[in-house]
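# Below: sequence and its predicted model.
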Amino acid sequence: MTAYAFWNNKGGVGKSFLSFVAATEYARTYPDTDVYVIDLCPQANISETLLSNPDVIHKLIGQTPRATVAGYLEARLNSPFRPLKDVSSYVCRPRDFNAKLPVNLLLVSGDNLLEILSGAIRQTSQFDLPEDAWKQVLGWIKDLTVALRQRSGNRDMIFIIDCSPSFAIYTQLALAAAENVVVPFTSDDGSRRAVENVIALLYGNGMGNPKMETYARLNFAKRAKEEGLAIPKLHTFVSNRIMLHEDKASKAFEAVSVSIKKTLDVLHKKHRQVYATPRALPSERFIEIPDYHSACMMITTGIPLYRLQPGLNKFRGRQVQLEPEALRQFQDALANFVAYL
């Protein structure tokens, strides 16, 4: 069982998009593996994409209990320190609503109630008793993955966890459940700063910035170390939506990418233990995904990457042209990314 959290401390970098591609491509490639998507973002973008219809989420929310991740967390609030034995009520099969998807792809849907529940979850984690209340509450999504593993029996499985950009309590639950972090970013200074925040928030390392060092050591990373809470490793870095010119990234995109690579390679020299592949330089695990707006728009309506065809495609009542070479480059880059998992 392997769990990947898709997270960056910045919105709009393609976390949900890449989570969708990873889940659908992996499920198609490995039909004997159960691929679970856990949507821990209140916006529920990946759930809407997988289900291909926002009305389906409303139906899941309307069930008793709510057939969503928020329904599971509500149940945990009622039983904070005793894992649930049966979590089937919170799982759906997107194929039942979107026939384009593999049958072995499963979803614990997102839910906007997640944001409302966050205060109660945070308060529960601060109980005086039991003494390890914080660690137990931070393990709620990890408990969910254990229960789903039991549900799948002898089948192989993989977990794709889509995170909110914020470092709210539900994001911390997601990261505590993961073994690896996939960090998507776009080539801009906002992404560079966000990657620095990932390092500070997860590992308490301010990368030499005195103010960041002071506050980073007081937060999540410090308490996780004190209480023995496992923190995921940095796995893969995905430079998303790269603008190409003559098959090369533009100079502006390349400059920011080089800056992020340098930051991560510097961290690697002193703290290899935070990387999933400590012997490899982080810059060697960068993946570049070219920007192809038309294909991206089709994918975000629930069409898997492998179903995109070159030429004219019917899309929302219009004809959309997918140029063969651009589509091939786009598909190859994303297939290369999924192969890293």
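Thanks, I have the structure now.
# helix/strand/coil for Leu114?
helix (DSSP: H, G, I helix; E, B strand; the rest coil).
# you'd agree it is up against Tyr72?
No - with contacts counted by CB atoms under 8 Å, Leu114 stays clear of Tyr72, the gap being 10.3 Å. C-betas here are computed from N, CA, C, even on glycine.
# Just the helices from this structure, written as ranges.
Assigned helices in the chain, in chain order: 15-29, 45-51, 54-62, 69-78, 113-125, 133-138, 140-152, 169-177, 189-203, 210-216, 220-227, 251-270, 293-299, 324-339 (criterion: DSSP state H).
# Comparing those, which yields the minimum mean pLDDT?
In terms of average pLDDT, helix 210-216 trails the rest of these, at a mean of 61.
# one step back: which among the helices of the chain is found nearest to Thr236?
helix 324-339 (7.3 Å; CB to CB).
# Please enumerate residues in contact with that closest one?
18, 21-22, 25-26, 29, 236, 238, 247, 287-290, 292, 295, 305-306, 308, 310-311 (CB atoms under 8 Å, 6 or more residues apart in numbering).
# Check which residues of that helix are buried.
Ala326, Leu327, Gln329, Phe330, Gln331, Ala333, Leu334, Phe337, Val338 (16 or more other CB atoms under 10 Å).
# can you tell me which of those residues lies nearest to Ser79?
Checking these one by one against Ser79 (CB to CB), the nearest turns out to be Val338, at 36.5 Å.
# Which among the helices of the chain is found nearest to Val183?
That would be helix 189-203 among the helices of the chain, by CB to CB, at 6.1 Å.
# ok, the closest residue to Cys41 other than its chain neighbours to Gly11 distance?
If the residues on either side of it in the chain are set aside, Cys41 comes closest to Ser164, at 4.3 Å by CB to CB, 6 or more residues apart in numbering. Distance from Ser164 to Gly11, counting by CB to CB, to the nearest Å: 8 Å.
# When those two are compared, which one has more neighbours?
Ser164 (23 against 13; other CB atoms under 10 Å).
# That one contacts Ile46, doesn't it?
No - at 11.3 Å, Ser164 does not count as touching Ile46 under the criterion of CB under 8 Å.
# that older thread, who touches the residue nearest to Cys41 in this structure?
Leu40, Cys41, Pro42, Gln43, Tyr170, Thr171.
# for those, which one is nearest Phe159?
For the contacts of Ser164, the nearest to Phe159 is Leu40 (11.1 Å; CB to CB).
# does that closest one have beta-bridge partners, and which?
Beta bridges link Leu40 to Cys163, judged by DSSP bridges.
# Look at it and report its pLDDT.
98.
# Hmm, Ala70 is touching Asp111, no?
Yes - under the criterion of CB under 8 Å, Ala70 makes contact with Asp111 at 3.7 Å.
# anything in contact with each of those two?
Ile61.
# which strand in the chain runs the most residues?
For the chain, the longest strand by residue count, based on DSSP state E, is strand 233-242.
# okay, the angle between that strand and helix 189-203?
Computed by axes from the mean of the first three to the mean of the last three CA atoms, to 10 degrees, the angle separating strand 233-242 from helix 189-203 equals 170 degrees.
# so how far is strand 233-242 from its chain's centroid?
The chain centroid and the centroid of strand 233-242 are separated by 11 Å under CA atoms, centre = their mean, to the nearest Å.
# cool, and stretch 81-100?
Worked out by CA atoms, centre = their mean, stretch 81-100 lies 18 Å from the chain centre.
# Once you drop chain neighbours, what's closest to Leu308?
Leu308 sits nearest to Ala295 (CB to CB, 6+ apart), 5.8 Å away.
# Sounds good, over and out.
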